[in-house]
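**Student:** got a sequence here, can you model it:
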Amino acid sequence: MTLYQQITDMFSRELASHGRAFVNYQALSGVEVKDMTIDGFPAKLFFNPARVRSVMADVSPEALQKRACFLCPDGVEEHQLTHNWDSPTGHTYYIRVNPFPIFSPHFTVSSSVHERQELLPHLESMLHLAKELPEMTIFYNGPMCGASAPDHMHFQAVPRHSLPIEDHFSTNYANAILVQEVDLQTHLAAVKRVLSLGTIPEEASQTGSLTAGASYAEEYEPRWNIVSWYTPSPDGDSVESCSMVQNSVELSAENTTLHHSTQHYTTLHNGMFHTVIFFRKESRPKCFFAPEEERILFSPATVEMGGIGIVANRESFDRLTPKKLRDIIREVADEIV
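**Tutor:** Next up is the predicted model:
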């Protein structure tokens, strides 16, 4: 069985146990969806009350110390099943059904070791997973960019084409950088070079903290959200014409240069790695902290940066217009030039 077959079988078995995941996946059928076009980009807004735990997550050090880690074996719920995945890098990860889904199926991929949310030591594993699961899109929320468990390293996996950014790459909605390469190691090096453009914030702004108690002194990696997927070719080699309409990246041995352009090229390959990088300057927008009559409880993570806005309360869902959503995304995104 392929990895995809194994984890989707696990998904079916877990839902058959009628635990929390069964209830929340059933509720997905009732999620209200609002289609939005933002400067030509096809975004969507989901009203999903079951996601309130993630939207309102308190990830201050004090809160994390008080709760059991729900990604560690001792913290999983009674009906949660686990599939162990051994990365070629030597790391082992636990793949589990996400009990608070946005899509169906929706998995968490957590380190078997309780270690902080930090991308670079696990980036190669993320790409290996994308290639082994071409049916899924893999994404990473930085510790100050939407991760509800910043104390335990994890990715998430959702069905391919779930995020509009995959099929409609555009910088009109969120400032983003797209990297595409055929070879995994070449792709890994290119992504790392782009990530090297990021910096760790030195000073806190009023809206920069996830909670009043969060401190910039605790930040250890630049703020970013990452999306990766792998497109296998048909049987045998194929010639594919690729267009990178993006903030294109020029790599050399000396430096990394980012410039705005459209690149067209043709390549002979057996598949393609794709990674979209969103740099961030704010964790939550100002409207999250506004007076109650103006408040919009919207906490952008990778899914939101990729074109799917998740809102857990009715008032916020009704207040979010296409213009407001665009302004929020641009407020939290960082423009790397």
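
**Student:** what stretches of the stretch 101-250 of the chain score poorly on pLDDT?
**Tutor:** Residue ranges of the stretch 101-250 of the chain with pLDDT under 70: 203-217, 235-250.

**Student:** for it, just list every one of the helices.
**Tutor:** 123-132, 164-167, 184-195 (DSSP state H, counting those that start in this stretch).

**Student:** nearest to Ser299, out of the ones you listed?
**Tutor:** helix 164-167 (18.1 Å; C-beta to C-beta). For the C-beta atoms, the positions are set from N, CA and C on the backbone; glycine is no exception.

**Student:** buried set for the closest one?
**Tutor:** Residues of helix 164-167 classed as buried: 164-166 (neighbour count, 16 or more other C-beta atoms under 10 Å).

**Student:** picking up where we left off before, quick one: which of the helices of the stretch 101-250 of the chain is nearest Gly19?
**Tutor:** Among these, helix 123-132 comes nearest to Gly19, with 25.3 Å by C-beta to C-beta.

**Student:** packing partners of the closest one?
**Tutor:** strand 136-141, strand 154-159, helix 184-195, strand 224-232, strand 271-279 (3 or more C-beta pairs under 8 Å, 6 or more residues apart in numbering; DSSP states H and E).

**Student:** sheet partners, orientation included, of the fourth one?
**Tutor:** In its sheet, strand 224-232 lies beside strand 136-141 (antiparallel), strand 271-279 (antiparallel), with partners assigned from DSSP bridges.

**Student:** and the angle for it with helix 184-195?
**Tutor:** If you take axes from the mean of the first three to the mean of the last three C-alpha atoms, to 10 degrees, strand 224-232 sits at 160 degrees to helix 184-195.

**Student:** re the thing from before, JSON lines for the helices of the stretch 101-250 of the chain, including distance to Ile296?
**Tutor:** Compiled in JSON lines, the helices of the stretch 101-250 of the chain are given as follows (distance: least, C-beta to C-beta, whole Å):
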{"stretch": "helix 123-132", "distance to Ile296": "31"}
{"stretch": "helix 164-167", "distance to Ile296": "21"}
{"stretch": "helix 184-195", "distance to Ile296": "30"}
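
**Student:** now, of these, which is deepest in the fold?
**Tutor:** Mean neighbours per residue, mean count of other C-beta atoms under 10 Å, is largest over the helices of the stretch 101-250 of the chain for helix 123-132, with a mean of 21.

**Student:** mind listing residues that contact that one?
**Tutor:** With contacts defined as C-beta atoms under 8 Å, 6 or more residues apart in numbering, helix 123-132 is touched by 3, 85, 87-89, 91, 93, 109, 119, 136-138, 140, 155, 157, 184, 187-188, 191-192, 226, 228-230, 271, 273, 275.

**Student:** quick one: buried ones out of the residues you listed?
**Tutor:** 3, 85, 87, 91, 93, 109, 119, 136-138, 140, 155, 157, 184, 187-188, 191, 226, 228-230, 271, 273, 275.

**Student:** and of the helices of the stretch 101-250 of the chain, who's closest to Lys44?
**Tutor:** Comparing the helices of the stretch 101-250 of the chain by C-beta to C-beta, helix 164-167 comes nearest, at 7.1 Å.

**Student:** packing partners of the closest one?
**Tutor:** So helix 164-167, by 3+ C-beta pairs under 8 Å, 6+ apart, packs with strand 41-47, strand 224-232, strand 271-279.

**Student:** the shortest one pairs with which strands, parallel or anti?
**Tutor:** What that stands for is strand 41-47. strand 32-38 (antiparallel), strand 308-311 (parallel).

**Student:** what lies in contact with the longest helix seen in the chain?
**Tutor:** Criterion DSSP state H: the longest helix present in the chain is helix 3-16. By C-beta under 8 Å, 6+ apart, the residues outside helix 3-16 that reach it are 1, 21-22, 25, 79-81, 83, 85, 95, 97, 105, 107, 132-133, 135-136.

**Student:** okay, the helices and strands packed on helix 123-132 in a markdown table with distance to Arg319 next?
**Tutor:** What follows is the helices and strands packed on helix 123-132, written out as a markdown table (distance: least, C-beta to C-beta, whole Å):
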| stretch | distance to Arg319 |
| --- | --- |
| strand 136-141 | 24 |
| strand 154-159 | 26 |
| helix 184-195 | 34 |
| strand 224-232 | 23 |
| strand 271-279 | 23 |
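
**Student:** closest to Asp39 out of these?
**Tutor:** Of the helices and strands packed on helix 123-132, nearest to Asp39 by C-beta to C-beta is strand 271-279, at 16.4 Å.

**Student:** centre of the chain to that closest one, how far?
**Tutor:** Mean-position distance between strand 271-279 and its chain equals 11 Å (C-alpha atoms, centre = their mean, to the nearest Å).
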